[in-house]
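Visitor: Test case, fold it:
(one chain, ligands or ions: 1)
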Amino acid sequence: MVRIAIPKGRLLEEVSELFLKKNIIPSKLEESRKLIVEKDGFKFLIVKPSDVATYVEQGGADLGVVGLDVLKEDPKDVYELLDLKNIGKCKMVVAGKPEKLEDYKILHFTKVATKYVNIAKRFFEEKDVSINIIKLNGSVEIAPIIGLSDYIVDITQTGNTLKENGLIVMEEIFESYAKIICNKASFKIKKRDIFKILAKFTDM
Ligand code: PRP
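Guide: Modelled structure (predicted):
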C-alpha cells in the first residue's frame, strides 16, 4: 500500500480535487479529525504542511505533496518527482508598509519578521543587507504594523491579507507551488506503484 502525506489546510482541497480529477481516488478527501484515511488502496496521512517532508524523509510516508516554500525553508533528503505548478500557487515576498518602500531601495540593515527564517536570511545575505530576524509562527503581517519589524518575508496568494492590513509587496523572492516528493527507499521498493501514480499526471 502506498502511503501519501497530504498537507492539511489550504492545500488539502486543491490536492484532493487534483487526485480526484486524475482518477487516483474515487472521492474527495475531507478535512476532519481523522488523520489517517484509507482510500482505494492508498493510505493518506493528513499532516501539517511543514511536516510532510519529514514524514517522507523518515519513511513514515512513501510520497508527499509539499510546497516549494516549505522545502526551501527546510530542505529534506527526498526525491522531488513532480512539479504541480498549478497547485498551491503563491509568491514568497518581502512586504511592508507603503512608506517603507523608499527605505527598501537603500537598505543596509533591517528588522524582518517571518516564519521563513532560512529563506529570509539567504535572500538578504545575497543582497548584502544585515538583518535581525524575528521568528513568528503566523499572522506575521501584524509585525510591521505595530513596529515590531520593518518588513516581513511571507507568502501571498490572493493578496488579501496584505491588503487588509495595509501592506504592500516590496519585492518578490520566488514563486511557489506544490511538488510531489518521494522517500528514497520507497522509490526502489514500491517503484511500480509509484510510477503508476506518476503516469496519471503526465498530461499536466
Ligand atoms: C498565509 C500567509 C499569509 C496569508 C496569505 O497564512 O502567511 O498570512 O496566508 O494569503 P492571502 O494572500 O491569500 O491572503 P496562513 O493563512 O497560512 O496562516 P498563518 O498566518 O497562521 O500563517
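Visitor: element containing the residue in the chain positioned nearest to the ligand, please.
Guide: Closest to the ligand within the chain is Gly138: 2.7 Å, counting by Cβ to the nearest ligand atom. Backbone N, C-alpha and C define where each C-beta goes, glycine included. Counting by DSSP states H and E, there is no helix or strand that carries Gly138.
Visitor: Next: the one 5 residues further on.
Guide: With elements taken from DSSP H and E, the one containing Ala143 is helix 142-145.
Visitor: Check Thr161 too.
Guide: Judged by DSSP H and E, Thr161 forms part of helix 160-164.
Visitor: okay, that helix in PDB with CA atoms only?
Guide: Output in PDB follows, covering the C-alpha atoms of helix 160-164 (Å, rounded to 0.1, in the frame of the first residue of the first chain):
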ATOM      1  CA  ASN A 160      -6.000  39.800   0.600                       C
ATOM      2  CA  THR A 161      -4.100  39.500   3.900                       C
ATOM      3  CA  LEU A 162      -1.500  42.200   2.800                       C
ATOM      4  CA  LYS A 163      -4.200  44.500   1.500                       C
ATOM      5  CA  GLU A 164      -6.500  44.200   4.500                       C
END
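Visitor: For the very next helix or strand once past it, buried residues please.
Guide: Following helix 160-164 in sequence order, the next helix or strand is strand 168-176 (DSSP H and E). For strand 168-176, the neighbour count (16 or more other Cβ atoms under 10 Å) marks 170, 173, 176 as buried.
Visitor: list the contacts for the second one?
Guide: In other words, Ile173. Ile173 sits next to 91-94, 119, 123, 153 when contact means Cβ atoms under 8 Å, 6 or more residues apart in numbering.
Visitor: For those, work out which two are farthest apart.
Guide: Spanning the widest gap among those are Lys91 and Phe123, at 13.0 Å by Cβ to Cβ.
Visitor: Neighbour count: these two, which is higher?
Guide: Legend: neighbour count by other Cβ atoms under 10 Å for Lys91 and Phe123, higher for Phe123 (20 against 16).
Visitor: so the more buried one, which of the three states?
Guide: With DSSP: H, G, I helix; E, B strand; the rest coil as the basis, Phe123 sits in helix.
Visitor: State the distance from the closest residue to it other than its chain neighbours to Gly166.
Guide: Nearest non-adjacent residue to Phe123, counting by Cβ to Cβ, 6 or more residues apart in numbering: Ile173, 5.4 Å away. Counting by Cβ to Cβ, to the nearest Å, the gap from Ile173 to Gly166 is 21 Å.
Visitor: all strands for this structure, in order.
Guide: 2-7, 36-39, 42-47, 63-67, 79-84, 90-96, 109-114, 130-135, 151-156, 168-176, 178-182 (DSSP state E).
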